[in-house]
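In: The amino acid sequence is not available; the structure is as follows:
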């Protein structure tokens, strides 16, 4: 993956973790739009969707959770890869409605930054995003 011109939308309510991921991904040359909740995430996605290549969202967010963020983004576009972050290790309980299958990847917290970066690389290499010029 060429990290140049790659922008990530990161939706994470825990400020220390959000800032850590933002800094570490920026060190890899990625642009990061980091927001604390789903409402701001959707606002930023709508505002910058032509620039965003990947969305990373925590599942357990105040107000609008990560599943709702995914659903609303999928109403806008099905092409953008969405990676879920979850503190829960039993993802089967979340998959009752097939939600987990709609994410391009699901990572359990605590997330190792190298695992996150390799997951971003993987979803970008297997996804074609069509942009209207």
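Out: The structure has been received and is ready for your questions. Bear in mind the structure is a predicted one, so any value in this text is a computation, not a measurement.

In: tell me the average confidence for the helix or strand harbouring residue 16?
Out: Here residue 16 is covered by helix 15-27, with elements defined by DSSP states H and E. Across helix 15-27, the average pLDDT comes to 95.

In: Which strands or helices does it pack on?
Out: Counting contacts by 3 or more C-beta pairs under 8 Å, 6 or more residues apart in numbering; DSSP states H and E, helix 15-27 is packed against strand 7-11, strand 31-35, helix 113-125. C-beta coordinates here come from the backbone N, C-alpha and C atoms, glycine included.

In: Now with 10 Å, please.
Out: strand 7-11, strand 31-35, strand 52-58, helix 113-125 (3 or more C-beta pairs under 10 Å, 6 or more residues apart in numbering; DSSP states H and E).

In: in that helix, what counts as buried?
Out: 17-18, 21-22, 25 (16 or more other C-beta atoms under 10 Å).

In: Output the contacting helices and strands for the lowest-mean-pLDDT helix or strand in the chain.
Out: Lowest on mean pLDDT, DSSP states H and E among the helices and strands of the chain sits strand 105-108, with a mean of 90. Contact here means 3+ C-beta pairs under 10 Å, 6+ apart; on that basis strand 105-108 packs against strand 52-58, strand 82-86, helix 113-125.
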